[in-house]
Every structure is written in C-alpha cells, then in structure tokens.
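Asker: Show me how the following folds:
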Amino acid sequence: GVKQEHIHTRKKAGLFDVSHMGQICLKGDEVKDELENLVPSDIKSLNEGEMRYTLFLNKEGGILDDLIVTNAGDHLFVVVNAACRRKDIKFLRDNLRCDIEELEDRALMALQGPASENVLEMLAPGVADLKFMSSGEFSICGAACFITRSGYTGEDGFEISVENELADKFTRKLIEKGAKLIGLGARDTLRLEAGLCLYGHELDKGKTPIEANLKWAISKERISKGDFIGSDIIIKQLNNGVQKVRVGIKPEGRIID
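Answerer: Residues are numbered from 1 along each chain as shown. A predicted model of the protein is given here:
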C-alpha cells in the first residue's frame, strides 16, 4: 500500500518508473542562449554536469510547465512533465532553432531514499561522487546510461536514463541490491510531504511563479534585465505584490509517520 511504500522510501531505497516523463535532447552552437530566452533562470552559466530547475512561462507570466535542464556537455538534457510533453516539444520547436530530439528510446528510473547511494554504487561505481543536482555518464549492465543526482521525493536519490531494452534487466539488478518498487501514489504523498509542486495541481498557466511561491527559481540578473517571456508581469508582481500565493498546510491528526 501507499503508506508502506512511502515509509520504505523515507527509510531505505524506493525505485520509481518515471518513463512517462519527457526526455529531450537540445543540441546546437547557440543552444544555451536560445533556451535562456524562454525561461527565467540562468542557463548559460551552467557548467558541464550541472542541473537547474526552471519554468516555461506564457506572455501573462503563467506557468506552462516546470522542468529540469542539465548541461550534458555537447547538448542540453531536458526533462519535462508527462502531461505537458507534447505541448512542451511544440513550444520548443516554435521558439528554438537548435536540434530538438525526444528520446523515446530511453526509460527513466528514479531511485530515492537514504540507501539509494549504496544500492546504485554497487552497479555504477563512482556514482556516490555525484553532488546534488549534478550528472554524469556511467556504465550499468555493460551499457552507458546517464545519471543525475536528483529526484522529487525530498530524499537523496538519483534519476537514471537508460535504453528501453535494458530497463527490465536494470530494474531487477536494483531490486537484488535492496531497492523496492514504489508506485506513483506514494510518489505523490512523498512530494506533498516535501512541499514539492506538481504541474496540473499546484502549478498551471493560471498561476505565475510569484503566486506559486517559486520566486527562488527566477534569476535576479534575469529580473534586472527583464529579458524572458512574461517578465513584465513577473516584475510588476515582485514590485507590487500579489493577491494570492501558494502556502503549505501542516495537517493535524493521523498522517504518514
């Protein structure tokens, strides 16, 4: 059940299949500059291996999606939400000149929890050296995979992009080493407990990052320049305040413990 899966992830290592998320490769000489024009975060400053949380916005400052961008060396690796995948790719194709490839031949697994480092290190030696929000190429089961130290549960953990045909073998190996399969019901309770937003719930195009209490995701330098989509609205809200804002609610009574 969800409660036991939630507790297992908090105490040990939970393995989530998040292959429904969109994995996108952006490649081109000016790819950092082009993508930075679409988001309110610094992309050009990302060093190889570094990652950043950011947002796609419309002209009214409304959130179209939230996403993670990783500098993978010769390309940017972007992970977007499943429900927004098609419209995000269209948004990118409409606004970027660089090469855009959806990586439909790759699965995405999230290994989360305090034991996740030990479990994954047995299969991918050296992965323990990754810092939070960093990435690297590793060999697992004789094949190259792309691993980031990130996740959406509030725990330490990793997301592993691996070829589809290796996903089953890789999953079984992780279970042998101590991971347990966890469903998306527990992922929802875990991210809620950690105060993490989910697009379509706490985030949507009717809310700006300021109203969603995500001001931290907007670069101060980008605010000063006002050079991103929806910046006029965002700057006005920062100066004048907003009528609504997302807040956390601490429950009383029976909760997951």
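
Asker: What is the least confident helix or strand in the protein?
Answerer: The weakest-scoring helix or strand in the chain, judged by mean pLDDT, DSSP states H and E, is helix 220-225 (a mean of 92).

Asker: What helices and strands are in contact with that one?
Answerer: Secondary-structure packing of helix 220-225 (3 or more Cβ pairs under 8 Å, 6 or more residues apart in numbering; DSSP states H and E): helix 231-240. (C-beta placed from N, C-alpha, C; glycine too.)

Asker: buried sites along the helix it packs on?
Answerer: When burial is assessed from 16 or more other Cβ atoms under 10 Å, helix 231-240 yields the following buried residues: S231, I233, I234, I235, Q237.

Asker: got it, and stretch 174-187?
Answerer: The neighbour-count check on stretch 174-187 (16+ other Cβ under 10 Å) flags L174, K177, A179, I182, A186, R187 as buried.

Asker: Equivalent analysis for stretch 26-41, please.
Answerer: Those would be L26, G28, V31, K32, E34, L35, E36, L38, V39, P40, S41, for stretch 26-41 by 16+ other Cβ under 10 Å.

Asker: That one - what's its average pLDDT?
Answerer: Averaged across stretch 26-41, the pLDDT comes to 95.

Asker: First-to-last residue distance for that stretch?
Answerer: End-to-end distance for stretch 26-41, by Cα to Cα, to the nearest Å: 17 Å.

Asker: Now do the strands in the protein.
Answerer: With strands called from DSSP state E, the chain shows them at 14-17, 22-27, 51-57, 63-71, 76-80, 99-102, 106-112, 135-140, 143-148, 157-163, 180-181.

Asker: will you turn these into JSON lines that also has distance to E221?
Answerer: JSON lines is the format used below for the strands of the chain (distance: least, Cβ to Cβ, whole Å):
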{"stretch": "strand 14-17", "distance to E221": "35"}
{"stretch": "strand 22-27", "distance to E221": "22"}
{"stretch": "strand 51-57", "distance to E221": "14"}
{"stretch": "strand 63-71", "distance to E221": "17"}
{"stretch": "strand 76-80", "distance to E221": "19"}
{"stretch": "strand 99-102", "distance to E221": "26"}
{"stretch": "strand 106-112", "distance to E221": "31"}
{"stretch": "strand 135-140", "distance to E221": "24"}
{"stretch": "strand 143-148", "distance to E221": "25"}
{"stretch": "strand 157-163", "distance to E221": "28"}
{"stretch": "strand 180-181", "distance to E221": "43"}
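
Asker: Out of those, flag the one nearest L92.
Answerer: strand 99-102 (5.3 Å; Cβ to Cβ).

Asker: same for the closest one, what does it pack against?
Answerer: For strand 99-102, the packing partners by 3+ Cβ pairs under 8 Å, 6+ apart come out as strand 22-27, helix 85-95.

Asker: and it, how far out from the chain's middle?
Answerer: Put simply, strand 99-102 sits 18 Å off its chain's centre (Cα atoms, centre = their mean, to the nearest Å).

Asker: got the contact list for that strand?
Answerer: Counting by Cβ atoms under 8 Å, 6 or more residues apart in numbering, strand 99-102 makes contact with G22, Q23, I24, C25, L26, K27, G28, R85, I89, L92, R93, all of which sit outside it.

Asker: how about 6 Å then?
Answerer: The contact list for strand 99-102, computed with Cβ atoms under 6 Å, 6 or more residues apart in numbering, reads I24, C25, L26, K27, G28, I89, L92, R93.

Asker: wait, which of these is closest to F77?
Answerer: Proximity of those to F77 (Cβ to Cβ) peaks at C25, which lies at 6.3 Å.

Asker: Determine the number of other residues adjacent to the closest residue to the closest one other than its chain neighbours.
Answerer: Computed as Cβ to Cβ, 6 or more residues apart in numbering, the closest residue to C25 that is not its neighbour in sequence is E101, at 4.4 Å. When counting by other Cβ atoms under 10 Å, one arrives at 12 neighbours for E101.

Asker: I appreciate the help and will end here.
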